[in-house]
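Trainee: Build the 3D model from these lines:
(4 chains)
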Number of protein chains: 2
Amino acid sequence: MNFQDFKIQFETDTPQIYRTVFEENSDLIKVKKAKVAVPNLEKIFTTTLKISNRSGFKGMNLRDLSAETGISLGAIYSYIESKDRLLSMIIQQVMASIRVVIGDRDKQPDNPVDRLFWIMCTHLYLSEVMQEWFFFAFMEARSFKTEGRNDAIESELFTEKLLADCLKEAACAGQIECVDPEAFAAMIKPLLQDWYLKPWKYKRRGVTVDEYFTRVEKFIRASL
Amino acid sequence: MNFQDFKIQFETDTPQIYRTVFEENSDLIKVKKAKVAVPNLEKIFTTTLKISNRSGFKGMNLRDLSAETGISLGAIYSYIESKDRLLSMIIQQVMASIRVVIGDRDKQPDNPVDRLFWIMCTHLYLSEVMQEWFFFAFMEARSFKTEGRNDAIESELFTEKLLADCLKEAACAGQIECVDPEAFAAMIKPLLQDWYLKPWKYKRRGVTVDEYFTRVEKFIRASL
DNA sequence: GAAAAACGAACAAACGTTCGGTTTTATACA
DNA sequence: TGTATAAAACCGAACGTTTGTTCGTTTTTC
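Mentor: Now for the predicted structure:
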């Protein structure tokens, strides 16, 4: 599978990420008609990501958000409960996407080595389609309160654990040599993160996701 | 050289990082006596890093800073020109430290492969002694204005270029095989960054800097 | 014409910053 | 050593601005 295929499938599988947001938060969203709410939620979320990733979530004020979305201050508050709640909605959405897309047992290959690279590849692809979301979650996770903070840490360790499990299984099966799977997995993670943390670097150099994955794959295989 | 040696040397070489801050900004610091100013600058900077790394620089207000340092609001303003200026002072200091410590030609080994690992090791050690500074710079660099923003990007690419040069030189000399030094260097960088971006992870697992360096070194050597 | 949605002026709290007064420190002379 | 005095440093109430949020009214939709 290449990125183009993934993107198409992702867009058909999740026809509207904002519809999910709308349905899951229908209790606190005052606007009841999906036809009206969903496009406005999209505006609010994408603009929040745009402004926040430039100057931080705390640095974004609701007047700027209002101006850039074209939705009045009052109207915004019929879509969100509070600014803080908007933050946690975004982060929760990212964590949910990771769990659903990367944790999908049905699509994971059985062979542990294949599964390892499938997870890496899928993680990269997902972080490419949702680059602004991933960047946001990484940068703003720390300003979470204690409860959500643990969720964020768990999420960071979730992928790492999946990777470590592949390595462990492959090592047991004698497919690879890996003395410390946990340590090895901890080195793969930052390589995946670099892709969505510094997109400007790879755009400037004209590197595509697929090329980046090939690089990382070669790099990892050499050490196995 | 191990971390303990580096730490001792660092602390004697730079007896007071805050003395440098004091001298370089003597024009805008209203307190004139070093004996008074330096300890207070230390309080202000370390506390700023502590609070900011918890809730972001924008999330820190000067009343909290005042309370945690024990210095009144008014007094703080005889040490800093403005809150924004405090931000740029910290980031500038980090970039200067990197240039001085890692860019030090006299200490760099001549052999390109040795130099490669010397840079990696020194970068790790420096980011360990100055963990909070490095974390802060990474997280807050984006909220810089256009001028400082370019500095931050250049700084990110500075270490990478040093690494790439080593690889290029070593490849020319036939010491290693490396088709794309730039790409390879770009993969080393995030491995170094992970150390100061997620210290909680490695502390929790009881991994020391020296152990971490050994891991990364092995990992890299396997791909050369 | 009634329900749904959008609006933006208005409010209170929080913020960065200033400033006039107070305390502390250093210096000079007895 | 003790005291007077000027300079240096500190203090925090007060100011103006910005911020998140609300609410009564207007506009749109069906």
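Trainee: Mind listing what's buried along the biggest helix by length in chain A?
Mentor: Determined from DSSP state H, the single longest helix within chain A is helix A:146-172. By neighbour count with 16 or more other CB atoms under 10 Å in any protein chain shown, helix A:146-172 contains the buried residues A:148, A:152-153, A:155-157, A:159-160, A:162-171. C-beta coordinates here come from the backbone N, C-alpha and C atoms, glycine included.
Trainee: List, one by one, the residues from chain A near DNA strand C.
Mentor: A:30-33, A:36-37, A:40, A:70-75, A:77-79 (CB under 7 Å from any atom of the strand).
Trainee: so which of those also contact DNA strand D?
Mentor: Among those, DNA strand D is touched by A:33, A:73-74, A:77 when using CB under 7 Å from any atom of the strand.
Trainee: coming back round to it: show me what the longest helix of chain A is packed up against.
Mentor: Contact here means 3 or more CB pairs under 8 Å, 6 or more residues apart in numbering or on different chains; DSSP states H and E; on that basis helix A:146-172 packs against helix A:83-102, helix A:112-129, helix A:181-197, helix B:199-204.
Trainee: Domain-wise, how is chain A divided?
Mentor: According to automatic domain parsing, chain A comprises the domains A:15-83, A:87-223.
Trainee: Mean pLDDT for those - can I get that in CSV?
Mentor: Output for those, formatted as CSV (pLDDT from 0 to 100):
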stretch, mean pLDDT
domain A:15-83, 96
domain A:87-223, 94
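Trainee: now those in TSV, with distance to B:Phe136?
Mentor: What follows is the domains of chain A, written out as TSV (distance: least, CB to CB, whole Å):
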stretch	distance to B:Phe136
domain A:15-83	13
domain A:87-223	12
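Trainee: With respect to B:Arg215, which of those domains lies nearest?
Mentor: With CB to CB, the closest approach to B:Arg215 among the domains of chain A belongs to domain A:87-223: 5.6 Å.
Trainee: burial count for the closest residue to A:Leu87 other than its chain neighbours?
Mentor: Closest residue to A:Leu87 apart from its sequence neighbours, by CB to CB, 6 or more residues apart in numbering or on different chains: A:Phe57 at 5.7 Å. For A:Phe57, the neighbour count with other CB atoms under 10 Å in any protein chain shown is 23.
Trainee: Could you do A:Thr14 as well?
Mentor: 15.
Trainee: Let's verify the closest residue to it other than its chain neighbours: helix, strand, or coil?
Mentor: Spatial nearest neighbour of A:Thr14, chain neighbours left out: A:Thr20 (7.4 Å); criterion: CB to CB, 6+ apart. Three-state call for A:Thr20 (DSSP: H, G, I helix; E, B strand; the rest coil): helix.
Trainee: Go ahead and confirm A:Thr20 touches A:Ala34.
Mentor: No: at 11.3 Å, A:Thr20 and A:Ala34 do not qualify as touching, with contact defined as CB atoms under 8 Å.
Trainee: ok, how many other residues are close to A:Ile8?
Mentor: Using other CB under 10 Å: A:Ile8 sits among 10 other residues.
Trainee: Sticking with it, tell me its helix or strand.
Mentor: Using DSSP states H and E, A:Ile8 sits in helix A:3-13.
Trainee: So the most far-flung residue of chain A relative to its centre: helix, strand or coil?
Mentor: Farthest-out residue of chain A from its mean C-alpha position, per CA atoms, centre = their mean: A:Gly174, at 32.7 Å. Recorded secondary structure, A:Gly174: coil (three-state DSSP).
Trainee: The one 5 residues further on now?
Mentor: Here A:Val179 is coil, with the state taken from three-state DSSP.
Trainee: Backbone dihedrals for it, please?
Mentor: Main-chain dihedrals, A:Val179, degrees, to the nearest 10: phi -70, psi -40.
Trainee: mind checking how far it is from A:Ala171?
Mentor: Separation of A:Val179 from A:Ala171 (CB to CB, to the nearest Å): 8 Å.
Trainee: and if you look at A:Arg204?
Mentor: Counting by CB to CB - A:Arg204 and A:Ala171 are separated by 38 Å.
Trainee: One more: A:Asn111?
Mentor: Taking CB to CB, one finds A:Asn111 at 13 Å from A:Ala171.
Trainee: re the thing from before, mind listing what the residue farthest from the centre of chain A touches?
Mentor: With contact set as CB atoms under 8 Å, 6 or more residues apart in numbering or on different chains, A:Gly174 has no partners.
Trainee: Would you format the ones next to DNA strand D among the residues of chain A next to DNA strand C as a markdown table with distance to A:Phe184, neighbour count and secondary structure included?
Mentor: A markdown table is the format used below for these (distance: CB to CB, whole Å; neighbours: other CB atoms under 10 Å in any protein chain shown; DSSP: H, G, I helix; E, B strand; the rest coil):
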| residue | distance to A:Phe184 | neighbour count | secondary structure |
| --- | --- | --- | --- |
| A:Lys33 | 51 | 8 | coil |
| A:Leu73 | 50 | 11 | helix |
| A:Gly74 | 53 | 8 | helix |
| A:Tyr77 | 48 | 14 | coil |
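Trainee: So of the residues you listed, which two are at opposite extremes in space?
Mentor: Going by CB to CB, the pair spanning those furthest: A:Lys33 and A:Leu73, at 20.9 Å.
Trainee: Having no further points to raise, I will conclude here.
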